[in-house]
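Novice: starting from these lines, generate the structure:
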Amino acid sequence: MTKQYDVKVGQVYEDNDSRHFGRTVRVLAVYTSFAVVINENVGKHGRTTMINLDRFRPNNRGYRLVSDAPSR
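Specialist: The predicted structure is shown next:
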């Protein structure tokens with residue numbers, strides 16, 4: 001069983017994969033098993049993609065939290 005990390009809309013994560021050094025993504029939406037994120041480092045308007053929630057863990061192929069979601 002995998003541990004589900006508390007992924008929230010508005011959080012910013014950095015990719016731990018050394019092939020994507022400096023890549024950050026902002027969470028736009030969270031669903032049952034995946035999150036919709038935008039990579040603002042790509043192109044004029046960024047690139048949206050879906051990432052499995054299991055990848056939001058601090059290992060070498062996952063993502064680490066850089067900044068938390070702003071409080072409302």
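Novice: what about the strands in the chain?
Specialist: 12-15, 24-30, 34-39, 47-52, 63-67 (DSSP state E).
Novice: what helices or strands is the shortest one leaning on?
Specialist: In other words, strand 12-15. In terms of contacts (3 or more CB pairs under 8 Å, 6 or more residues apart in numbering; DSSP states H and E), strand 12-15 is packed against strand 24-30, strand 63-67. Every residue, glycine included, has its C-beta placed from N, CA and C.
Novice: so for it, mean pLDDT?
Specialist: What strand 12-15 shows for mean pLDDT is 90.
Novice: can I get it in CSV? Just the C-alpha atoms.
Specialist: Output of strand 12-15 as CSV, limited to C-alpha atoms (Å, rounded to 0.1, in the frame of the first residue of the first chain):
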residue,chain,number,x,y,z
VAL,A,12,4.5,24.2,-5.9
TYR,A,13,6.6,21.1,-6.2
GLU,A,14,10.1,20.5,-7.6
ASP,A,15,11.0,17.5,-9.6
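Novice: partners of it in the sheet?
Specialist: strand 24-30 (antiparallel), strand 63-67 (antiparallel) (DSSP bridges).
Novice: can you redo the strands of the chain as TSV with mean neighbour count and distance to residue 6?
Specialist: As requested, these are exported to TSV (neighbours: other CB atoms under 10 Å; distance: least, CB to CB, whole Å):
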stretch	mean neighbour count	distance to residue 6
strand 12-15	19	12
strand 24-30	17	10
strand 34-39	18	11
strand 47-52	13	15
strand 63-67	15	9
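Novice: format the helices and strands packed on strand 12-15 as CSV; extra columns: mean pLDDT.
Specialist: Converted to CSV, the helices and strands packed on strand 12-15 look like this (pLDDT from 0 to 100):
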stretch, mean pLDDT
strand 24-30, 94
strand 63-67, 89
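Novice: take the ones you listed and write them to a markdown table, including distance to residue 14.
Specialist: Below are these laid out as a markdown table (distance: least, CB to CB, whole Å):
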| stretch | distance to residue 14 |
| --- | --- |
| strand 24-30 | 5 |
| strand 63-67 | 5 |
